[in-house]
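**Q** Predicted structure and sequence below. I'll ask about it afterward.
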Number of protein chains: 2
Amino acid sequence: MTIQERKSIPIPQVEARVPIPQQNLRIPGPTTVPPVILAEMARPMINHRGPEFAAIMRRVTPRLQYFFQTASPVLTYPASGTGGQESAIANLFSAGDHIVVITIGSFGNRLAKIAETYGLQVSRIEFPWGQAADPDIVEARLKTFKPYSGVLMTHNETSTGVMNDVQTLAALVRRLAPDTLIVVDAVSSLGCVPMEMDPWDVDVVFTGSQKGWMTPPGLMMIAASPRAWEASKAARLPRFYFDWASSRKKLELGQHPTTPPISIFYALDLALEMMLAEGREAIFARHQRIGDYVRLRAKAMGLQLLADHAYASNTVTAVMTPEGVDTKAMLKKLREQDRIVLGGGQEHLDGKIFRVGHLGFFQHAELVEAMDAVEKRLHEFGFKG
Amino acid sequence: MTIQERKSIPIPQVEARVPIPQQNLRIPGPTTVPPVILAEMARPMINHRGPEFAAIMRRVTPRLQYFFQTASPVLTYPASGTGGQESAIANLFSAGDHIVVITIGSFGNRLAKIAETYGLQVSRIEFPWGQAADPDIVEARLKTFKPYSGVLMTHNETSTGVMNDVQTLAALVRRLAPDTLIVVDAVSSLGCVPMEMDPWDVDVVFTGSQKGWMTPPGLMMIAASPRAWEASKAARLPRFYFDWASSRKKLELGQHPTTPPISIFYALDLALEMMLAEGREAIFARHQRIGDYVRLRAKAMGLQLLADHAYASNTVTAVMTPEGVDTKAMLKKLREQDRIVLGGGQEHLDGKIFRVGHLGFFQHAELVEAMDAVEKRLHEFGFKG
């Protein structure tokens, strides 16, 4: 086929844009963003190498360090939370390295999968979905492994609504293998519940703007301890986009190596100011109260929670759909009739659970409305609880 | 140090947020976004696995295919344009592969650097900054190389304001090596000037939302030909975040493998509608007119352009700072006094050129104002032209 004969693409016919009605968005991310922060998203563009953007970086960076509880620089990338998983692995290790992944669900499995994709030897310590990692089992299993360069885990497992006890797990890993790198996926926990990077001696922590930060998706934040920075110098896995060294160098100038998502920084800048005005401990208490409320309501309706009670997450609750109820049909009805948007289950839990997000920005009344509607619709779909 | 003794991070003191005055932002990206599109950015979040987001994807994808001029799916990633460079390389090649990079500036060099970071053998065909790739020289050099799996090039080199003749270059590469993969970085050209992926038989094309698309930064768009999809099956470089196969699979459901930057999709959705209302050829003609205007004004002032006249870009113009004029001081004055924001030079051109962006959304009067101010300030800084 000559160049002239190759087909050109005509203007496509597409369906018209239609307004999206106001919803009570109760999924575990993207989370509802306060209107005052959404308004920041509409601000005009600025030069990402200019003084206005550098001023934003000078406010955002130390405030992120405060929420991470780390003296290390917090680097930011235009990316989703999965970009944080890949960034951690690519900057810390070399092909053939042996690492351990503690997994309690879909996102823990993803950490292992990315590591394998990059040619690492991965030992998994797996727990059934709905349970947290048992420190005794983790300790016993770790002792049976040959030397490992890192231990990776999720803090809050978004797929199951279970929170690992990172402080205890990190302490036992550190005791068994003082130099190993401890990596924590805190995508759906940081900013909502205690997660103290330096005090707990964790080496890498990352999160995403669309979870606890009252900010739209598009920005990943990651911090590395001095131990992790040292390891990254020797790490041979290829990376450029997610490379830490180039980001750190530019951060000193209040910049990024490439073009940052400016609008999302406008939002995060105000969100962090609002979070500090509310207070970190007040935010944690608010998440504790809402977690307690959602769990209590679900149990009062006669529903079973997927999560082991002792490790139930304060940011997302996974509820088992009662026998005979069609999960997808119920979620559709809630969305279309009640304008309440809940999450479904992932992988083998698809159709078996529904998930209620309660992280970042929420009003107590929004969860009351959501749980009231769930109760009504469940009975409509045949639940006799 | 025990856990208890590790230092906690106090609440940081930061400078206050201050309003940013309205500016005439004339850098080659992030580009000025029309207020009506900025307003889209302020819309509430939705479920990225729900019907509303799928509807956006059904509008955006075929319209992007039209602007790319390709029947292949256009995949989207939360990333900057550099993510497109990395995605192309990681999905197409295996360690040790020999590729050729045609480079005429900073972004061409970055393509080569990423490829080397990933363990490819890279042969460079380099041209001096300010010149385009000479097809005769490219042809002669390609003939001297051992077999190569790909030829990579920039379309519009943002660092120098030079546009390569991709149609001619692609045709000659295809003639010499029919199966080789042709990769074009169209970050700052696509949507502004003709770039026809399928008709020109180009294998991979990518761009960024913050350039010609009247949309804020944070989204990278990339398309691959059937030849490139076939090659990606055999390509062994590690990739997960930027993997094409998982994105394509989710695109069929109107989704992403991970969380997409929803606000930027709102903006792009409207931007594409506006671009089609204006018309592709009308957009190209508008960019031709503004390119002509900026070049003419610069020459009329007695200034030299960095770009070879025959290949001067219609999206960005690089102007040589006259002898004796302090580029940085002049750009600072333009920014602070005139509220006109221009770009500086990159790498060895730092302080020697300034760059005027004229792509995406602009009014002719904004460029008139910018060039008037440049003329005034140049004379103030001692230029006698």
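**A** Structure received.
**Q** With just CA atoms, put the helix or strand A:Asn91 falls within into CSV.
**A** Assigned by DSSP states H and E, A:Asn91 belongs to helix A:81-92. The C-alpha atoms that make up helix A:81-92 are tabulated as CSV, following Å, rounded to 0.1, in the frame of the first residue of the first chain:
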residue,chain,number,x,y,z
GLY,A,81,-1.2,4.8,43.2
THR,A,82,0.1,1.9,41.1
GLY,A,83,2.8,4.3,39.9
GLY,A,84,3.9,4.4,43.5
GLN,A,85,4.2,0.7,43.6
GLU,A,86,6.3,0.6,40.5
SER,A,87,8.4,3.6,41.6
ALA,A,88,9.3,1.9,44.9
ILE,A,89,10.3,-1.3,43.2
ALA,A,90,12.2,0.2,40.3
ASN,A,91,14.2,2.5,42.6
LEU,A,92,15.2,0.0,45.3
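**Q** Who are the packing partners of that helix?
**A** strand A:74-78, helix A:106-117, strand A:150-154, strand A:181-185, strand A:204-208, strand A:219-224, helix A:226-234 (3 or more C-beta pairs under 8 Å, 6 or more residues apart in numbering or on different chains; DSSP states H and E). The way it works is simple: take the backbone N, C-alpha and C, and place the C-beta from them, glycine included.
**Q** For A:Ile99, which three-state class applies?
**A** strand (DSSP: H, G, I helix; E, B strand; the rest coil).
**Q** Over to the residue nearest the centre of chain A: give its phi and psi.
**A** Nearest to the geometric centre of chain A sits A:Val187, at 2.2 Å (C-alpha atoms, centre = their mean). Per-residue torsions, A:Val187: phi -50, psi -50 (degrees, to the nearest 10).
**Q** measure the nearest residue to it once chain neighbours are set aside to B:Leu349 for me?
**A** Spatial nearest neighbour of A:Val187, excluding adjacent residues (C-beta to C-beta, 6 or more residues apart in numbering or on different chains): A:Gly81 at 3.8 Å. As defined by C-beta to C-beta, to the nearest Å, A:Gly81 lies at a distance of 37 Å from B:Leu349.
**Q** quick revisit: closest one to A:Val341 among the helices and strands packed on helix A:81-92?
**A** Ranking the helices and strands packed on helix A:81-92 by proximity to A:Val341 (C-beta to C-beta) places strand A:204-208 first, at 18.6 Å.
**Q** Surely A:Glu375 touches A:Gly302?
**A** No: in this structure, A:Glu375 is not within contact of A:Gly302 by C-beta atoms under 8 Å, at 9.8 Å.
**Q** Same drill for these two, tell me which one is more crowded.
**A** Neighbour totals were compared for A:Glu375 and A:Gly302, and A:Glu375 leads with 18 against 12 (other C-beta atoms under 10 Å in any protein chain shown).
**Q** any idea which element that one lies in?
**A** helix A:364-380.
**Q** which residues are contacting that helix?
**A** A:24, A:26, A:32, A:289-290, A:293-294, A:297-298, A:301, A:303, A:319, A:322, A:325, A:330, A:333-334, A:338, A:340, A:342, A:354, A:356, A:358, A:385 (C-beta atoms under 8 Å, 6 or more residues apart in numbering or on different chains).
**Q** Is it possible to mark the buried ones in these?
**A** Buried by 16 or more other C-beta atoms under 10 Å in any protein chain shown: A:24, A:26, A:32, A:290, A:293-294, A:297-298, A:301, A:303, A:319, A:322, A:325, A:330, A:333-334, A:338, A:340, A:342, A:354, A:356, A:358, out of these.
**Q** Among those, name the ones in strands.
**A** Under the assignment DSSP state E, those contribute A:24, A:26, A:319, A:340, A:342, A:354, A:356 to strands.
**Q** right, and the pair among the residues you listed with maximum separation?
**A** Greatest spacing in those, by C-beta to C-beta: A:Asn24 and A:Val319 (16.4 Å).
**Q** What's the local residue count around A:Ala231?
**A** 22.
**Q** Next up, the contacts around the closest residue to A:His287 other than its chain neighbours.
**A** Spatially, and ignoring its direct neighbours in sequence, A:His287 is nearest to A:Asn314 (4.3 Å; C-beta to C-beta, 6+ apart). Counting by C-beta under 8 Å, 6+ apart, A:Asn314 touches A:163, A:192-193, A:287-288, A:290-291, A:358-359.
**Q** at 7 Å what do you get?
**A** Counting by C-beta atoms under 7 Å, 6 or more residues apart in numbering or on different chains, A:Asn314 touches A:192-193, A:287-288, A:291.
**Q** what do you get for A:Phe362?
**A** A:32, A:290.
**Q** so how far is chain B from the residue nearest to A:Arg297 when sequence neighbours are not counted?
**A** Spatial nearest neighbour of A:Arg297, chain neighbours left out: A:Met371 (4.3 Å); criterion: C-beta to C-beta, 6+ apart. Taking C-beta to the nearest C-beta, to the nearest Å as the measure, A:Met371 falls 18 Å from chain B.
**Q** Can you get me a residue count around A:Met371?
**A** 22.
**Q** Next, work out how far apart it and A:Arg377 are.
**A** From A:Met371 to A:Arg377 the distance is 11 Å (C-beta to C-beta).
**Q** confidence score at the closest residue to A:Ser225 other than its chain neighbours?
**A** Using C-beta to C-beta, 6+ apart and skipping residues adjacent in sequence, the residue nearest A:Ser225 is A:Asp203, 4.4 Å away. Per-residue pLDDT puts A:Asp203 at 98.
**Q** about what we covered before: neighbour count winner among A:Gly81 and B:Leu349?
**A** Of the pair A:Gly81 and B:Leu349, A:Gly81 is the one with more neighbours under other C-beta under 10 Å, namely 26 against 22.
**Q** isn't the more buried one right up against A:Leu219?
**A** No: assessed by C-beta atoms under 7 Å, A:Gly81 is found out of contact with A:Leu219, at 10.1 Å.
**Q** Name the residues of the stretch 251-385 of chain A found near chain B, please.
**A** Counting by C-beta under 7 Å from any C-beta of the partner chain, the residues of the stretch 251-385 of chain A close to chain B are A:258-264, A:269, A:276, A:341.
**Q** Pipe these into TSV and attach secondary structure, neighbour count and pLDDT per row.
**A** Shown next, in TSV, are these (DSSP: H, G, I helix; E, B strand; the rest coil; neighbours: other C-beta atoms under 10 Å in any protein chain shown; pLDDT from 0 to 100):
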residue	secondary structure	neighbour count	pLDDT
A:Thr258	coil	23	97
A:Thr259	coil	25	98
A:Pro260	coil	25	98
A:Pro261	coil	33	98
A:Ile262	helix	23	98
A:Ser263	helix	31	98
A:Ile264	helix	30	98
A:Asp269	helix	20	98
A:Leu276	helix	16	98
A:Val341	strand	22	98
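**Q** Reformat these into TSV and put distance to A:Tyr148 next to each item.
**A** Converted to TSV, these look like this (distance: C-beta to C-beta, whole Å):
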residue	distance to A:Tyr148
A:Thr258	33
A:Thr259	37
A:Pro260	35
A:Pro261	35
A:Ile262	40
A:Ser263	41
A:Ile264	35
A:Asp269	39
A:Leu276	38
A:Val341	41
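**Q** from those, which is closest to B:Gly150?
**A** Distance to B:Gly150 across those (C-beta to C-beta) is lowest for A:Thr258, with 22.0 Å.
**Q** now A:Asp243: how far from chain B?
**A** 8 Å.
**Q** Phi, psi for that residue please.
**A** According to degrees, to the nearest 10, A:Asp243 has phi -60, psi 140.
**Q** Check A:Ala310 too.
**A** Backbone torsions of A:Ala310, given as degrees, to the nearest 10, read phi -70, psi -20.
**Q** Nearest residue to it in space, please, no chain neighbours.
**A** Spatially, and ignoring its direct neighbours in sequence, A:Ala310 is nearest to A:Ala132 (7.4 Å; C-beta to C-beta, 6+ apart).
**Q** Distance of the one you found relative to chain B?
**A** A:Ala132 sits 20 Å away from chain B, going by C-beta to the nearest C-beta.
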